[in-house]
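Engineer: Provide a 3D model corresponding to the input given below.
(one chain, ligands or ions: 2)
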Amino acid sequence: MLSGTICLPSVAPIPPPPGIRAVCDAFRTDGELVEIEAWPGGHINDSYLLVFVTGTGRHRYLLQRINGEVFPRPDQVMENVQRVTEHVIQRLEEEGYSHPEKHFLTLTSTYDNRAWYTDNRRDVWRMYPFIEGTHAQEFVQDAAQAETAAQAFGRFTRLVDGIPGAPLHEVLPGFHDTPARLEALRAAAQLDPKQRAHAVQDEIEFALDHAQDAGVFMDLLAAGELPTRVVHNDTKISNVLLSNESSAAICVVDLDTVMPGTALFDYGDMVRSMSTRAAEDECDLSLVVAEPELVKALEKGYLAGAGDALTEVERAHMPKAGFVLALELGARFLTDHILGDQYFRIHRPQHNLDRARAQFTLAHNLNQ
Ligand code: GN1
Ligand code: MG
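Structural biologist: Residues are numbered from 1 along each chain as shown. Ligands and ions are numbered 1, 2, ... in the order given. Sure, this is the predicted structure:
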């Protein structure tokens, strides 16, 4: 199989940009802004933790700038986010939650009553009150945590099932079109603008050798055998807020890629992210092992959370999903490495290559 390398050292996070105070001032918050801190995590958008002080205490918010290079229509991203957050909060209210905003994201509106703010550079910003008493993790600790996280994503599948109105915007068309992702890898390797392809031939071969298995979900969707539903599309462990007290999953976050798709994208991305205790960018590949106990916990949690929202065909294809999504993400990281790290933010040289190797190791493991 693939061999890893020694991790190269990381670089510091980017500090808040000048002008960020004006952005903060556009949103309807209470109190005086006393702290702005770059918030780590996420490979695409920029996030900042803000602290406001009032007579009653400190209030924290998360401010995020949507990456307009990755999301060509940030306004459509925000329309999706607004619809989904409002719908889920309403469903939670109907289910009897007295404080649904402690269990799901709510958007802070601007002073001109918009759900997002566009600055003079046409950058789109949004703000969420921070859900206190929670934290996120880069890798899963144990089966109980995998189960509760999967259950939270399953609950999300159920809560957005039947959301009224037109389909959500497809903000990134073909986002989980695995065969198209493999084609993009082939094209990148041919173009090879940074002369990096020759050093990663084994990795390229690994991905392309599995091309015939990669199209299963796209084929079933096209044939109408898998239902198209609202899916999260980025169900990694770091997108679940866990309770600081009990380690139970409280809330799923990062709704940028909420779009029409199949539940198997969500389940598969969960398996690729939570079937191992290794971090997504682990360099010691001997640690990147898919544990059957974690996979079992994910299946149990997802089925419990989604309830009867899933069809027989969806359930039947769950065992293959982790492999497909790990292969796909590995191909995306490797493509970006070959093209010169244009898409995923890196924190050290060869970071995307390290990430790709870890995903391919996991895909190999899951393809039993
Ligand atoms: C990106 O930005 P972030 O970390 O939420 C990516 C996902 C990947 C994930 C891997 C829009 O998500 O598809 O699975 O990295 N998001 C986009 O960590 O490409
Ligand atoms: Mg994301």
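Engineer: Show the contacting residues for the closest residue to ligand 2 within the stretch 201-350 of the chain.
Structural biologist: At 3.7 Å from ligand 2, D234 is the closest residue in the stretch 201-350 of the chain, using C-beta to the ion. The way it works is simple: take the backbone N, C-alpha and C, and place the C-beta from them, glycine included. Contact analysis of D234 by C-beta atoms under 8 Å, 6 or more residues apart in numbering lists 254, 256-257, 269.
Engineer: Next, it: secondary structure please.
Structural biologist: Counting by DSSP: H, G, I helix; E, B strand; the rest coil, the backbone at D234 sits in coil.
Engineer: pLDDT wise, what is it at?
Structural biologist: Per-residue confidence (pLDDT) for D234: 98.
Engineer: Any figure for the gap between E183 and E95?
Structural biologist: 43 Å (C-beta to C-beta, to the nearest Å).
Engineer: Neighbour count: those two, which is higher?
Structural biologist: Between E183 and E95, counting by other C-beta atoms under 10 Å, E183 is the more crowded of the two (15 against 11).
Engineer: I'd assumed V70 was in a strand, is it?
Structural biologist: No - counting by three-state DSSP, V70 is not part of a strand but coil.
Engineer: how close does the residue lying closest to it once chain neighbours are set aside get to V324?
Structural biologist: In this structure, V70 finds its nearest non-sequential neighbour in I44, 5.1 Å apart by C-beta to C-beta, 6 or more residues apart in numbering. From I44 across to V324, the span is 22 Å (C-beta to C-beta).
Engineer: Neighbour count: those two, which is higher?
Structural biologist: Each of I44 and V324 has its neighbours counted (other C-beta under 10 Å); V324 has more, 28 against 18.
Engineer: Can you give me the buried ones in the helix or strand hosting the more buried one?
Structural biologist: Per DSSP states H and E: V324 is located in helix 318-339. By 16 or more other C-beta atoms under 10 Å, the buried positions in helix 318-339 come out as 318, 320-339.
Engineer: Briefly note if that helix comes near ligand 2.
Structural biologist: No - using C-beta under 5 Å from the ion, we find that helix 318-339 stays clear of ligand 2, coming within 11.6 Å at best.
Engineer: so what's Q76 up against?
Structural biologist: 169, 171.
Engineer: For it, which three-state class applies?
Structural biologist: Assignment for Q76 (three-state DSSP): helix.
Engineer: Compute the number of surrounding residues for the residue lying closest to G330 once chain neighbours are set aside.
Structural biologist: Ranked by C-beta to C-beta, 6+ apart and with sequence neighbours excluded, the top spatial neighbour of G330 is Q359, at 3.3 Å. Neighbour count for Q359, taken as other C-beta under 10 Å: 27.
Engineer: Could you report the pLDDT at Q359?
Structural biologist: 98.
Engineer: My guess is it contacts L329. True?
Structural biologist: Yes - look at Q359 against L329 with C-beta atoms under 8 Å: they come within range, at 4.9 Å.
Engineer: Find the residues that touch each one of the two.
Structural biologist: Common neighbours of Q359 and L329 (C-beta under 8 Å, 6+ apart) are R272.
Engineer: how about the CA coordinates for stretch 271-279, as CSV?
Structural biologist: Extracted C-alpha coordinates of stretch 271-279, given in CSV (Å, rounded to 0.1, in the frame of the first residue of the first chain):
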residue,chain,number,x,y,z
VAL,A,271,-17.7,6.5,7.7
ARG,A,272,-14.7,7.9,6.0
SER,A,273,-14.3,10.5,8.8
MET,A,274,-15.3,8.4,11.9
SER,A,275,-14.4,4.8,11.2
THR,A,276,-10.8,5.6,12.3
ARG,A,277,-9.4,7.3,15.3
ALA,A,278,-6.7,8.9,13.1
ALA,A,279,-6.9,12.5,12.1
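Engineer: Run a quick check on Y111 versus A26, I expect a contact.
Structural biologist: Yes - contact criterion C-beta under 8 Å: Y111 and A26 qualify, at 6.4 Å.
Engineer: more neighbours, the two?
Structural biologist: A26 (18 against 11).
Engineer: what sits against that one?
Structural biologist: 110-111, 117, 125 are the contacts of A26 under C-beta under 8 Å, 6+ apart.
Engineer: before we move on, what about Q64?
Structural biologist: Contacts of Q64 (C-beta under 8 Å, 6+ apart): 45-48, 125-128.
Engineer: Provide the secondary structure category for the residue in the stretch 1-150 of the chain that ligand 1 sits nearest to.
Structural biologist: Residue of the stretch 1-150 of the chain nearest ligand 1, by C-beta to the nearest ligand atom: I44 (3.5 Å). Recorded secondary structure, I44: coil (three-state DSSP).
Engineer: sec struct for L33, please.
Structural biologist: L33 is classified as strand under three-state DSSP.
Engineer: does it really touch C24, like I thought?
Structural biologist: Yes - counting by C-beta under 8 Å, C24 is a contact partner of L33 at 5.5 Å.
Engineer: overlap in contacts of these two?
Structural biologist: Here L33 and C24 have L50 as joint contacts, going by C-beta under 8 Å, 6+ apart.
Engineer: Neighbour count for these two, which is higher?
Structural biologist: C24 (19 against 15).
Engineer: G224 versus the residue of the stretch 101-250 of the chain found nearest ligand 1, what's the distance?
Structural biologist: Relative to ligand 1, the nearest point of the stretch 101-250 of the chain is D234 (4.8 Å; C-beta to the nearest ligand atom). Going from D234 to G224 by C-beta to C-beta gives 25 Å.
Engineer: any idea of the mean pLDDT for stretch 31-43?
Structural biologist: Mean predicted confidence for stretch 31-43 is 92.
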